[in-house]
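Asker: need a structure here:
(one chain, ligands or ions: 1)
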Amino acid sequence: GDWQIERIVEIDSTSEAWKRRQPAHGAVLVAERQTAGRGRRGAPWLSEPGAGLTFSVALRPPEPKALWPRLALATGLAVAEALSRLGVEAEVKWPNDVMLGGRKACGILVEAAGEVAVVGIGLNVNATQFPEGIEASSLKLATGLEMDPEVVLLAILVALKARTAEIGAGFPELIRALRQRCYLSGKRVALKTPSGPREGVVEEIGAGGELVLKTEEGLLTLLQADEVRVID
Ligand code: BTN
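Answerer: Numbering: from 1, shown residues only. Sure, this is the predicted structure:
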């Protein structure tokens with residue numbers, strides 16, 4: 001098939017494992033537990049064993065590496081679409097968090113390691129409790145139903161195949177679909193940029209996948225940003 005799925009009970013991080021091993025395109029590593037799961041900006045990624053889906057996918061995209069950053073957008077969209085197909089309405093918080101009912105339910109970390117792009121996905125499936133101070137959601141909290149992580153994994157992999165194939169010529173279509181699931185559209189946000197903190201109202205996602213903000217000083221286009229915070 002398209003994907004080779006390997007399972008492990010415990011590992012430091014599925015993404016670190018794939019960065020070390022540099023497997024073939026389509027290798028998927030699913031872990032029950034990570035002892036050193038990582039999020040963006042070096043933050044730890046915690047997940048309750050059995051309550052989440054924790055996996056990394058190795059891709060060797062045919063497109064030039066300059067286009068690899070688009071994989072993060074493609075993955076967020078793919079996860080949101082897979083969840084919608086399972087009956088859970090999901091949105092993408094640019095660049096790549098997946099939101100259920102306004103709360104984050106899935107984090108995505110895309111890293112390049114040599115010739116391999118490692119796509120790491122952590123999704124709260126049946127979790128109902130989170131560490132103090134963390135406002136998150138899960139499929140179970142959003143629907144009231146327990147879901148089979150296996151079914152969710154396969155749905156995500158189907159969507160991921162289709163959307164990651166669009167980082168080249170198919171990108172306009174990807175962006176169209178992303179705009180329709182854009183959690184941030186019309187919201188006032190505060191964010192950190194390389195040139196300091198900024199605030200504005202989100203206009204749209206631009207043709208190159210950038211976030212376009214209306215600020216007091218005019219339109220601001222962001223290629224990437226840390227910690228986009230909604231302030232309405
Ligand atoms: C984020 O929201 O900051 C990204 C979180 C990414 C977590 C996933 S879980 C599977 C893979 N292994 C890791 O160590 N991180 C990613």
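Asker: and the protein, which of its residues are near the ligand?
Answerer: For the chain, the residues in contact with the ligand (Cβ under 6 Å from any ligand atom) are 13-15, 34, 37-40, 43, 45, 54-56, 97, 107-109, 120-122. Bear in mind the C-beta positions are built from the backbone N, C-alpha and C, glycine included.
Asker: 5 Å instead, please
Answerer: 13-15, 37-40, 45, 54, 56, 107, 109, 120, 122 (Cβ under 5 Å from any ligand atom).
Asker: Which ChimeraX command selects the buried ones in those residues?
Answerer: In ChimeraX, a selection of the buried entries from the residues of the chain next to the ligand looks like this (16 or more other Cβ atoms under 10 Å):
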select :13,14,15,37,38,40,45,54,56,107,109,120,122
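Asker: which ones among the residues of the chain next to the ligand are found in strands?
Answerer: Thr54, Ser56, Gly107, Leu109, Gly120, Gly122 (DSSP state E).
Asker: Quick check: the farthest pair among the residues you listed?
Answerer: Maximum pairwise distance among these (Cβ to Cβ): 12.3 Å, between Ser56 and Gly107.
Asker: Look at Gly1 and report its pLDDT.
Answerer: According to the prediction, Gly1 has pLDDT 67.
Asker: Checking the residue nearest to Glu199 when sequence neighbours are not counted next. Helix, strand or coil?
Answerer: Nearest non-adjacent residue to Glu199, counting by Cβ to Cβ, 6 or more residues apart in numbering: Ala190, 4.8 Å away. At Ala190 the chain is in strand, as set by DSSP: H, G, I helix; E, B strand; the rest coil.
Asker: do the same with Arg198
Answerer: Arg198 is classified as strand under three-state DSSP.
Asker: do you know how far the closest residue to it other than its chain neighbours is from Gly50?
Answerer: Leaving aside its chain neighbours, Arg198 sits nearest to Leu191 (5.8 Å; criterion: Cβ to Cβ, 6+ apart). Distance, Leu191 to Gly50, by Cβ to Cβ, to the nearest Å: 34 Å.
Asker: For these two, indicate the residue with more neighbours.
Answerer: More neighbours surround Leu191 than the other of Leu191 and Gly50, with 19 against 11 (other Cβ atoms under 10 Å).
Asker: Please list all residues in contact with Val212.
Answerer: If a contact means Cβ atoms under 8 Å, 6 or more residues apart in numbering, then Val212 has Val202, Glu203, Glu204, Ile205, Gly206, Leu219, Leu220, Thr221, Leu222 as its contacts.
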